[in-house]
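A structural model of the following input is requested.
(one chain, ligands or ions: 2)
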Amino acid sequence: MKALILVGGFGTRLRPLTLSKPKPLVEFANKPMILHQIEALKAVGVTEVILAINYQPQVMRSFLEEFEMKLGIKITCSQESEPLGTAGPLALARDRLLESNEPFFVLNSDITCEYPLKEMIEFHKAHGREASILVTKVDEPSKYGVVVLDEETGRVRNFVEKPATFVGNKINAGIYLLNTSVLNTIQPKPTSLEREIFPSIATERGLFAMILVGFWMDIGQPKDYLQGLRFYLDHLRRKSPLELSVGPNIVGNVLIDKTAKIGEGCMIGPDVAVGPDCVIESGVRLSFCTLMKGVRVKGSAHVSGSIVGWHSTVGQSALVSNMAVLGEDVHVSDTMFLNGVVVLPHKEIKSHFVKPEIIM
Ligand code: GDD
Ligand code: MG
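Ligands and ions are numbered 1, 2, ... in the order given. Here you go, the predicted structure:
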């Protein structure tokens, strides 16, 4: 079985992290976002993953080489010369997807969930039509693709991308299982699955939706990224608690890479991910945050509700809070107060910032 992951788009909503690497390679819970998906696909017997990319191909390629070996799965790139939207990339990879006549998975690269892919294969077989999509309920459906379905059969009556008025609260979770016949309806030019292809398959009564059980989040922007981390760690607590850290200084669900060093008298958690080679000095307080690889947090500093980019430093007794996002290689001086700021890479911060702003 094959899968195609949509990894294009510039990830602007996750800047400044995406100024350093493509969104799918930004770590979520200490692992590149896309790796969570590739592992889930491999677990249900997918043998080849095609990454549909439209920029930074060289960065993606070196990632592929590393993980093809580690995971024992074929990972190839299909590169667009112009952004082809969410459907055009399927047409571009048509020959590869048609090598077998089996249905194939398509995934958005910026979502996290429990990946019920096995159940989805069964669901697809059971209804026997062209296309299956996974749906979930959200409170704020307007920023997603909304799906109106027949509750009994799961048949989709209507698919409306980013509706201006309320049509329902079940939304497209960004995971599809499609028959190869869908490829006959798509041209290799900029086309949207959500605005063009799905509404038309729905009209032909060929689109079925399976309701997702468990958590789901689009982690393509900082606030949702941290909320997604909270859900994901809670899921680990239930499914594989041994992966979580334990100790007298740990509160709630915390994931700490084994190469990170933690000083005396820290208080870490809940909902924290500490990446490889991080150094957390004594008396530090971390809650609801992610520290990427190589971050140093100096003594008695406090990071809360924020993301700290690769190889950055938070100075002694500094406070970084309220959805602050520090890019790669940002250095915050001792005792600084940073409230909700977004800091672009390679900056030194030597003054307080009391209200949210972008620091270039
Ligand atoms: N290869 C390629 N080329 N990929 C693309 C392109 C492109 O031109 N444009 C977007 N993508 C990829 C993105 O990287 C992402 O993985 C996926 O397609 C969806 O694009 P987003 O930009 O993240 O869309 P969205 O979050 O506004 O909405 C989509 O996701 C929601 C769920 O998170 C839609 O599929 C909605 O219907 C859905 O509810
Ligand atoms: Mg998205």
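
contacts, neighbours, all on C-alpha from now
OK.

residues contacting the residue most central in space within the chain?
Nearest to the geometric centre of the chain sits residue 110, at 3.2 Å (C-alpha atoms, centre = their mean). Going by C-alpha atoms under 8 Å, 6 or more residues apart in numbering, residue 110 touches 23, 24, 33, 34, 218, 219, 220.

and the last one, how many neighbours does it have?
If I follow you right, that is residue 220. When neighbours are defined as other C-alpha atoms under 10 Å, residue 220 has 20 of them.

now swap in the fifth one and tell me
Taking other C-alpha under 10 Å as the criterion, the count of residues near residue 218 is 18.

thinking it is in contact with residue 111, fair?
Yes: with contact defined as C-alpha atoms under 8 Å, residue 218 counts as touching residue 111 (4.3 Å).

which SS class is residue 346?
What DSSP: H, G, I helix; E, B strand; the rest coil gives for residue 346 is coil.

hang on, it packs against residue 313?
No: look at residue 346 against residue 313 with C-alpha under 8 Å: they stay out of range, at 10.9 Å.

who has more neighbours, those two?
Using other C-alpha under 10 Å, the more surrounded residue of residue 346 and residue 313 is residue 313, with 24 against 15.

Enumerate the beta-bridge partners assigned to the more buried one.
Residue 313 has these beta-bridge partners by DSSP bridges: residue 296, residue 331.

In contact with it, which residues are there?
Residue 313 neighbours (C-alpha under 8 Å, 6+ apart): 295, 296, 297, 298, 329, 330, 331, 332.

Distance-wise, check it relative to residue 19.
18 Å (C-alpha to C-alpha, to the nearest Å).

do the same with residue 156
Taking C-alpha to C-alpha, one finds residue 156 at 38 Å from residue 19.

more crowded one of those two?
Taking neighbours as other C-alpha under 10 Å, residue 156 and residue 19 compare with residue 156 leading, 25 against 16.

what about the nearest residue to that one once chain neighbours are set aside, how many neighbours?
Nearest non-adjacent residue to residue 156, counting by C-alpha to C-alpha, 6 or more residues apart in numbering: residue 149, 4.2 Å away. Neighbourhood size, residue 149 [other C-alpha under 10 Å]: 21.

chain center to stretch 232-246: distance?
18 Å (C-alpha atoms, centre = their mean, to the nearest Å).

Outside of the helix or strand harbouring residue 64 itself, list whatever touches it.
In this structure, residue 64 is located in helix 57-71 according to DSSP states H and E. Residues outside helix 57-71 that contact it (C-alpha under 8 Å, 6+ apart): 21, 22, 39, 74, 75, 76, 77, 79.

Now, of these, which are buried?
The neighbour count (16 or more other C-alpha atoms under 10 Å) marks 21, 22, 74, 75, 76, 77, 79 as buried among the contacts of helix 57-71.

can you put those in a markdown table and add secondary structure?
Formatted as a markdown table, the buried ones among the contacts of helix 57-71 follow (three-state DSSP):
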| residue | secondary structure |
| --- | --- |
| 21 | coil |
| 22 | coil |
| 74 | strand |
| 75 | strand |
| 76 | strand |
| 77 | strand |
| 79 | strand |
